[in-house]
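> fold the following.
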Amino acid sequence: MRLYIRNMVCNRCIMAVENVLKSLDIKYLSVTLGEVEVGEEPAAETLSQLDDKLQAIGFEIIEDKKSQLIERIKTEIVYLVHHSGEVLNTNLSVWLSGKLHYDYTYLSNLFSEVEGTTIEKYYIAQRIEKVKELLVYDEFTLLQIADMLGYSSAAYLSGQFKKVTGFTPSHYKDIKENKRRSLDQL
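Predicted coordinates for the structure are as follows:
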């Protein structure tokens with residue numbers, strides 16, 4: 001049996017959910033972003049306790065099938081952009097349909113209807129968040145970041161970044177550097 005969990009976006013989220021499962025003595029087979037696989041279905045009271053404890057730390061169990069599918073779309077995109085290190089070398093629509101085994105038109109319409117934005121805009125927003133993170137760390141050039149995230153050029157990345165954030169990448173980096181304080185100043 002699978003439980004779908006909203007708002008899991010990183011390895012720390014996985015650890016937090018594992019800790020809640022352990023505290024309730026729920027035996028699980030695996031915990032990945034957005035999903036928990038359990039051997040047998042927990043009792044209704046245990047599921048209610050699980051949901052309460054998860055909500056207390058910013059997560060929740062998703063029961064509605066359509067909401068589960070939307071969360072899976074988000075989780076796949078978050079994993080692709082932030083964790084996989086994989087560069088998408090096909091269309092997002094083909095990749096996502098292959099991952100989730102649904103027709104992309106259905107996924108797209110459902111996502112837009114519920115989320116009020118398109119899958120493509122969500123994907124772009126995730127990529128821009130990753131660009132922001134990489135800019136602040138100041139370890140890579142804009143060209144390297146563009147290559148890492150599958151942009152055709154640094155100029156295209158820069159244009160998309162400015163369209164989404166209102167800043168050029170270099171201006172954004174300057175603003176963030178001025179606001180950051182060293183650890184000894186905290």
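> next secondary structure element downstream of the longest helix along the chain?
Ranked by residue count under DSSP state H, the longest helix found in the chain is helix 119-137. If you walk from helix 119-137 toward the C-terminus, the next helix or strand you reach (DSSP states H and E) is helix 142-148.
> I'd like the next helix or strand past that following helix.
By DSSP H and E, the next helix or strand past helix 142-148 is helix 154-165.
> would you mind listing the buried residues in that next one?
The neighbour-count check on helix 154-165 (16 or more other Cβ atoms under 10 Å) flags 154, 157-158, 160-161, 164 as buried. Placement of C-beta: from N, CA and C, glycine included.
> next: stretch 120-131.
When neighbours are counted by 16+ other Cβ under 10 Å, the buried residues of stretch 120-131 are found to be 122-124, 126-128, 130-131.
> cool, stretch 66-76 as well?
Within stretch 66-76, the residues that count as buried by 16+ other Cβ under 10 Å are 68-76.
> so who does the residue nearest to the spatial centre of the chain touch?
Residue closest to the mean C-alpha point of the chain, counted by Cα atoms, centre = their mean, is Val78 at 2.6 Å. Residues near Val78 by Cβ atoms under 8 Å, 6 or more residues apart in numbering: 9, 33, 126.
> low-confidence regions, the chain specifically.
Regions of the chain meeting the criterion pLDDT under 70 cover residues 176-186.
> quick one: terminal-to-terminal distance for stretch 108-124?
Distance between the two ends of stretch 108-124: 15 Å, counting by Cα to Cα, to the nearest Å.
> for Tyr156, give its distance to Tyr122.
Counting by Cβ to Cβ, to the nearest Å, the gap between Tyr156 and Tyr122 amounts to 19 Å.
> an error on my part: the question was meant for Ile62.
17 Å.
> may I see the buried residues of stretch 101-119?
Within stretch 101-119, the residues that count as buried by 16+ other Cβ under 10 Å are 102, 104, 107-108, 110-111, 119.
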